[in-house]
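Student: Sequence below, structure please.
(2 chains)
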Number of protein chains: 2
Amino acid sequence: MPQIDGERLLGDLAALRGIGASGPGVVRPAFGARDMEARHWLADRFEAAGLEASIDGVGNVVGRSRNSGPALLIGSHSDTQPTGGWLDGALGVIYGLEVARALAEDAGSRDLAVDAVSWQDEESRFLGCLGSRSFCGLLTAEIEQGISDGDGVALADAIAEAGLEGVARLGLEEGRYLGFLEAHIEQGPQLEDDGKLIGIVDTIVGLRGIDMTFEGQQNHAGTTMMAGRKDAATALFEFAHRVNEEFPKAMAERTVWTMGRAVLEPGAVSIVPGRAELSLQFRDVSTAVLDGFEEIVDGLVADINAKGKATATARRSRTPIAPTEMDPGLRAHLMRAAETHAAGKWVEMPSGAFHDAGIVSGVLPSAMLFIPSIGGISHDFAEDSHGTDIVLGCQVLADAAASMLASARP
Amino acid sequence: MPQIDGERLLGDLAALRGIGASGPGVVRPAFGARDMEARHWLADRFEAAGLEASIDGVGNVVGRSRNSGPALLIGSHSDTQPTGGWLDGALGVIYGLEVARALAEDAGSRDLAVDAVSWQDEESRFLGCLGSRSFCGLLTAEIEQGISDGDGVALADAIAEAGLEGVARLGLEEGRYLGFLEAHIEQGPQLEDDGKLIGIVDTIVGLRGIDMTFEGQQNHAGTTMMAGRKDAATALFEFAHRVNEEFPKAMAERTVWTMGRAVLEPGAVSIVPGRAELSLQFRDVSTAVLDGFEEIVDGLVADINAKGKATATARRSRTPIAPTEMDPGLRAHLMRAAETHAAGKWVEMPSGAFHDAGIVSGVLPSAMLFIPSIGGISHDFAEDSHGTDIVLGCQVLADAAASMLASARP
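Tutor: Residues are numbered from 1 along each chain as shown, chains lettered A, B, ... in the order given. As a prediction, this is how the structure comes out:
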């Protein structure tokens, strides 16, 4: 059975953490100087592990096994949030590298093929899961042309700045892959709260976003009587509060919704707002729940517009993400390996966050493994996991990968 | 009876509008280059009218009559909102000038004393009613030291930039004044809606501001279950909506309240807000109504905090402004003059907006006259009034001023 090297694993994670480090956290947004430095470092580590490394035209780093297939593609992303934690993405990338090394070092598995990968821009500087979308053939020239980041930098300029202009882009090699595995920190508190060490993802939740706009009439806050007002903020507050009253009646066990952004215009203390915006997002494993929420929103919009004051409009803010089931066959291998190394300490669970595996699952059987996040904290400099949990998770992944590949030997 | 010169009045208003003009509107914030240009132009016009003009150390322009008292102080402010209308403030300043001229030109009133004034920074670039506060002895060195504008410019630097460093500041000359008169556009639709031409202010409404803070816990919007959230936005939406449900039960006829500013932090679509702020402001002529609203706020805060989720805190955002009654004796003169020139077309009404007269009334008997705003629009480039209404209002003010001063002749 392949044995991972925990010290080597933690050492590589620490080295990667050092590129773009900011206190305990990491600042390494996609295509920035630190991100590209990390990608070149990864390519070197992949080569040192005997893999054939390349960085493609959107920044994906792939370390290809010199063994013939069927192969497993294992990895995650090495770009971070603008103020990110050190394990979000990085954990899964170094797991891919360590699993490739561990299998190569074991007589029983050295003929098996593991390709390691770090996808580009999972964290949405330009487009969430840009790299895995490109690899899976979902990044058309039309989509790509319109993309810029929050500061107005065009994707094409960032690619050129990163030295990737004209570099070939990698895509799926037909017939090579048995599947894709992605390990990740949980980014929530459930594993820790329940005393579990391993989570095996059954479903990546579906996600829908709605942009609400409220159009009223801007007025002086002292001289415009209440009866004559068309206050956009009043409509927004009513809508948002009623969402929080109505959604619980239609939710399932793990449904979540969030209104994280609200803007009143002009936003002055003494001016009746003439316009307001609200972002609403909801996630669930069931399409029926998501459909039900959209119906509730439509009803609330109708209620507000029936008052004849500010006018509410609901518009989908993004392409909906459908709930995605992870591959049952790959999950069975993960469960067996988890039970071997963490008997009774693993659990099947949905992923509330979206991941590259949600993209890749459209073209390859895919599965995900979670390890606990201390305090459930993520997307924050304070993000952390226990070293023993990090090592255990990688060993489970290595065993599962070896058994997946062994059982598929031609 | 003194006769104002409507053409001269409208000509001076048009000339003042030209300083800082932006389309139909005016951009002349306090202490800026255009504001100071307007103040020097006003000083010249005051001198040309036979007044003794000076610009004091905070930018107040006073044109002092060469007649002995008792005198009336008449005016308003010539600074504007960042994107202001052409009449807000300017109307009352040019009325002061024109009334001084009209009384000086009439044999029966040429011995009467009218001092014209343009106060500085009524519109709160640094501090609302800065100039009248200074004149009334309310601007202490301690207050002044801490003041800066929204861009972080210190008041002292703006004063120096305007060439006013070390210039003496004017104050109330004991025994000189019978009172202060301020004419203003209504800034609301009531006069127009009711077919009236003149409003005589009985009370300037009281105003209280409350800054609400909601402290929760920032979290990932996909991985944090609803039961475990302390969502600051959820608390804000509930509070704001319940304000809009509860305040109507305790309001009076002309009570108004506004929540014009709301900020969610960090304000991202996929992050549960950890902190939120909301500004609440309310106005009424009755202290009891204002007190009642504060009690409602306290009750809502207690309700939200009893849930054990995000914590709400209410804090007064400013020194409360008490409702201020205008002087009944001066109002009687205004009413008589209004009935003379606009029989049945005038009305007593509160002022929903605050004005310099609300400050000056603390040290001098004060009164205010309103003329109609077209469509009730103000604090907007589209602000306007009919020329005939502008001329009529000034004639009413001139007659009232003459009769006030005549009846106080020693």
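Student: Torsion angles phi and psi at A:P350?
Tutor: phi -80, psi 160 (degrees, to the nearest 10).
Student: What's the local residue count around it?
Tutor: Around A:P350 there are 22 other residues, counting by other C-beta atoms under 10 Å in any protein chain shown. The C-beta positions use only the backbone N, C-alpha and C, and glycine is treated the same way.
Student: If I follow the layout properly, it ends up in contact with A:G206?
Tutor: No. With contacts counted by C-beta atoms under 8 Å, A:P350 stays clear of A:G206, the gap being 10.1 Å.
Student: Determine the residues that are contacts of both of those two.
Tutor: Counting by C-beta atoms under 8 Å, 6 or more residues apart in numbering or on different chains, the contacts common to A:P350 and A:G206 are A:V285.
Student: so how far is A:G216 from A:D231?
Tutor: A:D231 is 5 Å from A:G216, where distance means C-beta to C-beta, to the nearest Å.
Student: so what sits against both of these two?
Tutor: By C-beta under 8 Å, 6+ apart, the residues touching both A:D231 and A:G216 are A:272-273, A:309-310.
Student: closest to B:G137 among the residues you listed?
Tutor: For the shared contacts of A:D231 and A:G216, the residue nearest B:G137 by C-beta to C-beta is A:V272; the value is 34.2 Å.
Student: what's near enough to touch that closest one?
Tutor: A:216-221, A:224, A:229, A:231, A:233, B:258, B:260.
Student: want to throw those residues into JSON lines with secondary structure?
Tutor: What follows is these, written out as JSON lines (DSSP: H, G, I helix; E, B strand; the rest coil):
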{"residue": "A:G216", "secondary structure": "coil"}
{"residue": "A:Q217", "secondary structure": "coil"}
{"residue": "A:Q218", "secondary structure": "coil"}
{"residue": "A:N219", "secondary structure": "strand"}
{"residue": "A:H220", "secondary structure": "strand"}
{"residue": "A:A221", "secondary structure": "coil"}
{"residue": "A:T224", "secondary structure": "coil"}
{"residue": "A:R229", "secondary structure": "coil"}
{"residue": "A:D231", "secondary structure": "coil"}
{"residue": "A:A233", "secondary structure": "helix"}
{"residue": "B:T258", "secondary structure": "strand"}
{"residue": "B:G260", "secondary structure": "strand"}
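Student: now, the most widely separated pair of the residues you listed?
Tutor: Within the contacts of A:V272, A:H220 and A:A233 form the most distant pair, 14.9 Å apart (C-beta to C-beta).
Student: Buried ones in the helix or strand A:C394 falls within, by neighbour count?
Tutor: Using DSSP states H and E, A:C394 sits within helix A:387-407. Buried residues in helix A:387-407, defined by neighbour count with 16 or more other C-beta atoms under 10 Å in any protein chain shown: A:389-405.
Student: Now do that helix, average pLDDT.
Tutor: Per-region confidence: helix A:387-407 scores 98 on mean pLDDT.
Student: hang on, the earlier thing: for A:D231 and A:G216, work out which one has more neighbours and name it.
Tutor: A:D231 (28 against 23).
Student: which residue ranges form the strands in the stretch 301-410 of chain A?
Tutor: A:311-316, A:324-325, A:346-351, A:366-371 (DSSP state E, counting those that start in this stretch).
Student: Walk me through which strands the last one pairs with, and which way each runs.
Tutor: In other words, strand A:366-371. Strand pairing for strand A:366-371, determined by DSSP bridges: strand A:177-185 (parallel), strand A:198-204 (antiparallel).
Student: Quick check: which of those is buried the most?
Tutor: For the strands paired with strand A:366-371, average neighbour numbers computed from mean count of other C-beta atoms under 10 Å in any protein chain shown are highest in strand A:177-185, which has a mean of 27.
Student: chain center to that one, what's the gap?
Tutor: Distance of strand A:177-185 from the chain centroid (C-alpha atoms, centre = their mean, to the nearest Å) equals 13 Å.
Student: Helix or strand next in line after that strand, which one?
Tutor: Beyond strand A:177-185 toward the C-terminal end (DSSP H and E), the next one is helix A:190-194.
Student: just the CA coordinates of that following helix, formatted as PDB?
Tutor: C-alpha atoms of helix A:190-194 as PDB (Å, rounded to 0.1, in the frame of the first residue of the first chain):
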ATOM      1  CA  GLN A 190     -19.500  20.500  10.400                       C
ATOM      2  CA  LEU A 191     -16.700  18.000  10.500                       C
ATOM      3  CA  GLU A 192     -15.200  19.600  13.600                       C
ATOM      4  CA  ASP A 193     -18.500  20.000  15.300                       C
ATOM      5  CA  ASP A 194     -19.300  16.300  14.700                       C
END
